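# here are the coordinates; sequence isn't available:
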């Protein structure tokens with residue numbers, strides 16, 4: 001026998017109504033939070049949070065190419081490299097025209113370290129100071145100008161192990 005959520009008198013049962021209301025309220029809130037959009041990353045910095053529009057590099061081909069050969073990038077833009085699991089990461093600037101700040105981020109969304117003002121075309125290895133789940137590349141000088149450094153919290157849906165107050169729904 002099928003369960004019915006409508007009582008014999010035609011009224012919707014309170015539990016079913018409450019569930020429907022909760023669903024309707026939750027969906028717009030999650031969708032409206034710009035910090036949790038997949039094409040944005042937000043860093044909690046002083047004096048206020050800073051957001052960047054990001055291209056996502058989450059497959060080996062995209063990650064190998066990164067920002068190589070690009071001659072320009074908007075000031076509020078960057079590239080977010082997301083790995084399948086945390087790992088020791090190392091980047092270089094081979095074939096990269098733009099000087100960048102390379103921000104290594106752990107699984108909780110905390111900045112591990114920043115390679116600041118990298119040298120274009122350099123083949124020097126720039127390693128993470130721990131296991132990184134993601135790496136954010138932004139224009140050179142952004143980390144110093146905005147106060148990003150070890151411990152800075154980053155908000156993005158990729159950081160499912162982030163503290164509850166910084167976790168995307």
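Looks like it arrived, so ask away. Just so it is clear, the model here is predicted, and its values are computed rather than measured.

# domain map for the chain?
Listed by automatic domain parsing, the domain ranges of the chain are 1-32, 35-166.

# single out the most deeply packed of those domains.
Neighbour counts (mean count of other C-beta atoms under 10 Å) averaged over each of those peak at domain 35-166, with a mean of 17. Placement of C-beta: from N, CA and C, glycine included.

# average pLDDT for it?
The average pLDDT for domain 35-166 rounds to 97.

# got the end-to-end distance for it?
9 Å (C-alpha to C-alpha, to the nearest Å).

# now it, how far from the chain's geometric center?
8 Å (C-alpha atoms, centre = their mean, to the nearest Å).

# tell me where this structure has strands.
Secondary structure of the chain by DSSP state E: the strands cover 40-44, 50-57, 77-91, 100-105, 111-115, 126-139, 153-155.

# can you redo these as CSV with distance to residue 63?
Formatted as CSV, these follow (distance: least, C-beta to C-beta, whole Å):
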stretch, distance to residue 63
strand 40-44, 16
strand 50-57, 5
strand 77-91, 5
strand 100-105, 13
strand 111-115, 16
strand 126-139, 9
strand 153-155, 18
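
# what's the closest of these to residue 165?
strand 153-155 (9.1 Å; C-beta to C-beta).

# now do that closest one: which elements does it pack against?
strand 40-44 (3 or more C-beta pairs under 8 Å, 6 or more residues apart in numbering; DSSP states H and E).

# closest to residue 161 out of the strands of the chain?
strand 126-139 (8.1 Å).

# note down every partner strand of that closest one and its orientation.
Here strand 126-139 is paired, per DSSP bridges, with strand 77-91 (antiparallel), strand 100-105 (antiparallel).

# any chance of the ones you listed in TSV with distance to residue 136 as columns?
What follows is these, written out as TSV (distance: least, C-beta to C-beta, whole Å):
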stretch	distance to residue 136
strand 77-91	5
strand 100-105	4
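
# looking at the ones you listed, spot the one closest to residue 33.
strand 77-91 (17.2 Å).

# now residue 131, nearest residue through space, not along the chain?
residue 86 (3.8 Å; C-beta to C-beta, 6 or more residues apart in numbering).

# contacts only, for that neighbour.
Counting by C-beta atoms under 8 Å, 6 or more residues apart in numbering, residue 86 touches 106-107, 131-133.

# good, wrapping up.
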